[in-house]
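# can't give you the sequence, but here's the structure:
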């Protein structure tokens, strides 16, 4: 995987509480029906707890458990849409709407415990959402609800592309990818897991928004580069490297070089903006408490960029390449995503 490496100018860190939180996670995925005992050994080899421990290196206990659970839920559910289901837009839209309903439901309306009348994806998401919103303001919950909705609806958009044989151009793809990668939600999780909220006025600053956007783009592109062999083997076009090859007639090497160049531009801009923050905060007379939150948030963004790269380099998830058509499954096992009984 050396050929896919990036030089990201951020420190590499891992939570020391990873092993104990991982034990909870492996029980959790089975309790909610997301994975069977038979598939657990292979799933363990993917080392999903490590990506959360890198994304939130200061977390421990129930906070890190939540981080690992969202990472595992996303990976296991996401893989289902890469199989036969992913070329059936009408089915995808129905499934997605059931999940969107979870994050729009009144808190406590559905018990956040394993429920066999629910699909595993819905049961797991109810557990995640009930913990995610705990202690967070209504405004923050609304922001994260919108991010969840955008992320889930992107599955339908990708399914329409596959069904229609559409390979989006680079700008269209990056716009779709910005929503499809869950990274906006995972940045929300940084606030929840860190027990803080970025004030609305601070979050709306153009510089903070640009750093947020750069983080989303870096994480998504890094994942695309490491997963290109998997997507290519499936015949799936939703990967920046493959889009560059198709629309710009690039060789594989040229497409990888362009992806690295885009990532470098984003990290350079991130560092430039970070260096401007003290003067910006002085000019805005930002209170010390808000400044502290801003710097914690920026540190969390850095951790997610570096953590994604380091995990992708080491996880066997990206070395496990199965050649299949887009309408053939490559997931660990099939998950029931339809038949929500409420």
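Alright, I've got the coordinates. The structure presented is a predicted model; accordingly, all values stated were derived computationally and were not measured.
# where do the helices sit along the stretch 51-200 of the chain?
Taking DSSP state H, counting those that start in this stretch to define them, one finds helices in the stretch 51-200 of the chain at 61-81, 89-104, 120-132, 138-164, 170-180, 183-194, 200-203.
# looking at the ones you listed, which is closest to residue 212?
Counting by Cβ to Cβ, residue 212 lies closest to helix 183-194 out of the helices of the stretch 51-200 of the chain; the figure is 6.5 Å. Just so you know, the C-beta spots here come from the backbone N, C-alpha and C atoms, and that holds for glycine as well.
# same question for stretch 234-252, mean pLDDT?
The pLDDT scores in stretch 234-252 average 96.
# which residues sit against that stretch?
With contact meaning Cβ atoms under 8 Å, 6 or more residues apart in numbering, stretch 234-252 is reached by 82, 86, 158, 161-162, 166-170, 173-174, 176-177, 180, 220-221, 224-225, 227-228, 231-232, 254-256, 258-259, 262, 322-326, 328, 330.
# mind redoing it with 6 Å?
158, 167, 169-170, 173, 221, 224, 228, 231, 255, 258-259, 324-326 (Cβ atoms under 6 Å, 6 or more residues apart in numbering).
# same question, stretch 17-30
For stretch 17-30, using Cβ under 6 Å, 6+ apart, the contacting residues are 35, 49, 53, 60, 64, 65, 68, 69, 72.
# again, only this time at 7 Å
Residues outside stretch 17-30 that contact it (Cβ atoms under 7 Å, 6 or more residues apart in numbering): 35, 37, 40, 49-50, 53, 60-61, 64-65, 68-69, 72, 76.
# show me just the buried residues among those residues.
By neighbour count, with 16 or more other Cβ atoms under 10 Å, those hold 35, 49, 50, 53, 60, 64, 65, 68, 69, 72, 76 as buried.
# so the nearest residue to the first one once chain neighbours are set aside is in which element?
If I follow you right, that is residue 35. Nearest-residue entry for residue 35: residue 29, 4.5 Å, with adjacent residues in sequence omitted and distances by Cβ to Cβ, 6 or more residues apart in numbering. Residue 29 belongs to helix 18-31 when assigned by DSSP states H and E.
# got the buried residues for the helix or strand following that helix?
For helix 18-31, the succeeding helix or strand toward the C-terminus, using DSSP H and E, is helix 40-46. By 16+ other Cβ under 10 Å, the buried positions in helix 40-46 come out as 43, 46.
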